[in-house]
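*Asks:* Got a sequence here, can you build the structure:
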Amino acid sequence: MFANVFSRNYIGLVCYPRNFTFIDHRGSQLAGMEDVLLREIGMQIFKYSLILSALAWGTSCTGGGKNKADGHVSYVLENTGIKTFVLDSLTGPISTFVTYVQAPDADLFCMYSREQNALVFFDYASGMPVDKAQFSNEGPNGVGGYSGYKGFQVISRDSILVANVILNKVFLLNSKGEILDQMKVYTDPLNQDTLIGGLDVGVNRPLVLKNNEVYMHTLISGRALKDHTKFSHVMIAGFADGTVRRSMYRPEVYNRGYWSANGEFDRCYSTYNPDTKRFIYSFPVDHHLYETDHQEHFVPHPAASEYIEDIKPMSSDRMAVQDWQKSVEYDYTNSRYYQVIYDRFNGLYYRFALLGNTLDEVKDPDVQYKQRAAVILLDNDFHKVGKIVLDRGRNLFHNFFIGKEGLHIQVDPVLYDNEDDLVYDVYRPVKK
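*Replies:* Numbering: from 1, shown residues only. All right, here's what the predicted structure looks like:
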């Protein structure tokens, strides 16, 4: 039923590539298909990916990963002011999901209100709330409580995907909060043999529907793994046939050691480019961005920050068990790569890198976990075309959206003058 719902009513609302069958990196179809030809194709894809990855990592280790070419148009990110949205009395300024929606009648800003268990839609121009999609915790349309929410995709105001990481379920709902269909996905984050992580989707790890398949991030956080390259960060769940496939395995660099107990270096971040119909992935300890359609295209692109040299693991012993406090100190005194964002209105990528604090700053309660962010601007061909460093203490870097006016990054609510406001700094790319 789910496939029929999407193909009949919703598939025209978003830009998705053609349907495909994905082969995992060992040439096996995890859905259980045994076609020999497909296995051979999968192995050839994997060999090609390994060669590219090895070459790319080699250049980063020898000081590569800098600009691919000079002579391209350069940009600066200019702060053009703030954008304010007016909250109702039931909604607080902290949300696990925000997005920008281009509707036929108006451009909308959308946020998840945990207080109301609802998606609230705002008219972008006026900043005022105009609609709400209310969800139920229990009952025939129950999708679980707030603690289970991590991921949403607003296909339209009447077509919303919800991923609940506690229930391991994905739901399709309409604007009234009625379940049109749902799917259970299997995770097994404690099993060293299967290495099927738990769902880990959010603003910078987006839930993406593409041709009746849902692409979701997975995570095994703070684990001592025997071989990191056997862990995949992406689960592809097909509504049409009920199969679940895995993709985007960790690069070899993770086998250099143990990367802390708190998961800050474990996550993989992504963005989706609807123009090229490809996903872009960013790993915290890898100088490259990885571009893929989860089919035959897999290309690593050098995208190093000048502020990050070789990132050393917390311990060279991959199976080490680390102290939590030492892990916190490691996490926030070391720089790491962070989210990558595609700006579809300007054809640019923004790759964030969080810059490490000193140990004294980590121990200072006024600083601690607040970090500066170095942002690299790249064009559609992944040439570096600009950079900016954003100071710590003003923005919540993980809470952002792209609109016609530019990149919007939330201002920390502790700095607000009015507790009924939700405020974003707006950055617009301007050619030099």
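
*Asks:* For the host helix or strand of V170, C-alpha coordinates in CSV please.
*Replies:* In this assignment (DSSP states H and E), V170 forms part of strand 169-173. The C-alpha trace of strand 169-173 is given here as CSV (Å, rounded to 0.1, in the frame of the first residue of the first chain):
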residue,chain,number,x,y,z
LYS,A,169,9.3,2.7,12.8
VAL,A,170,8.7,5.1,10.0
PHE,A,171,5.3,6.6,9.5
LEU,A,172,3.5,8.5,6.7
LEU,A,173,1.0,11.0,8.0
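
*Asks:* could we number from 36 for the rest of this?
*Replies:* Sure thing, new numbering starts at 36, so read that last one as strand 204-208.

*Asks:* can you pull up the bridge partners for T327?
*Replies:* F314, F333 (DSSP bridges).

*Asks:* what comes into contact with the strand holding V205?
*Replies:* The list of residues contacting strand 204-208 from outside it, by Cβ atoms under 8 Å, 6 or more residues apart in numbering, reads 37, 40-41, 168, 170, 176, 178-179, 194-199, 214-220, 242, 249, 251, 272. The way it works is simple: take the backbone N, C-alpha and C, and place the C-beta from them, glycine included.

*Asks:* Provide the strand pairings for that strand, with the direction of each partner.
*Replies:* Here strand 204-208 is paired, per DSSP bridges, with strand 194-199 (antiparallel), strand 214-219 (antiparallel).

*Asks:* Tell me if I'm right that L154 and I195 touch.
*Replies:* Yes - contact criterion Cβ atoms under 8 Å: L154 and I195 qualify, at 6.6 Å.

*Asks:* Pick out whichever of the two has more residues nearby.
*Replies:* L154 (27 against 21; other Cβ atoms under 10 Å).

*Asks:* can you give me the strands in the stretch 286-435 of the chain?
*Replies:* Along the stretch 286-435 of the chain, counting by DSSP state E, counting those that start in this stretch, strands occupy 304-308, 313-317, 323-327, 333-337, 371-378, 383-390, 407-414, 419-425, 430-438.

*Asks:* And the last one, what's buried?
*Replies:* To tie it back to what came earlier, the one meant is strand 430-438. N430, F432, H433, N434, F435, F436, I437, G438 (16 or more other Cβ atoms under 10 Å).

*Asks:* what sits against the third one?
*Replies:* Listed by Cβ under 8 Å, 6+ apart, the contact partners of H433 are G237, V238, N239, Q374.

*Asks:* Columns pLDDT and distance to S295 on top of the residues you listed, output as a markdown table?
*Replies:* Formatted as a markdown table, the contacts of H433 follow (pLDDT from 0 to 100; distance: Cβ to Cβ, whole Å):
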| residue | pLDDT | distance to S295 |
| --- | --- | --- |
| G237 | 90 | 19 |
| V238 | 94 | 22 |
| N239 | 96 | 19 |
| Q374 | 98 | 18 |
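
*Asks:* Which one of these is nearest to D414?
*Replies:* Within the contacts of H433, proximity to D414 (Cβ to Cβ) peaks at Q374, which comes in at 18.2 Å.

*Asks:* Am I right that D216 is in contact with F274?
*Replies:* Yes - at 7.2 Å, D216 and F274 qualify as touching, with contact defined as Cβ under 8 Å.

*Asks:* Neighbour count for the two, which is higher?
*Replies:* Between D216 and F274, counting by other Cβ under 10 Å, F274 is the more crowded of the two (22 against 15).

*Asks:* Isn't the more buried one up against V220?
*Replies:* No - using Cβ under 8 Å, F274 is not in contact with V220; the gap is 10.8 Å.

*Asks:* ok, back up a step: let me know which of the strands paired with strand 204-208 is tucked in deepest.
*Replies:* Ranked by mean neighbour count under mean count of other Cβ atoms under 10 Å, the strands paired with strand 204-208 are led by strand 194-199, which reaches a mean of 22.

*Asks:* what does that one contact?
*Replies:* Counting by Cβ under 8 Å, 6+ apart, 44-45, 48, 154, 168, 170, 178-179, 183-190, 204-210, 234, 236, 242, 244, 249, 251 sit against strand 194-199.
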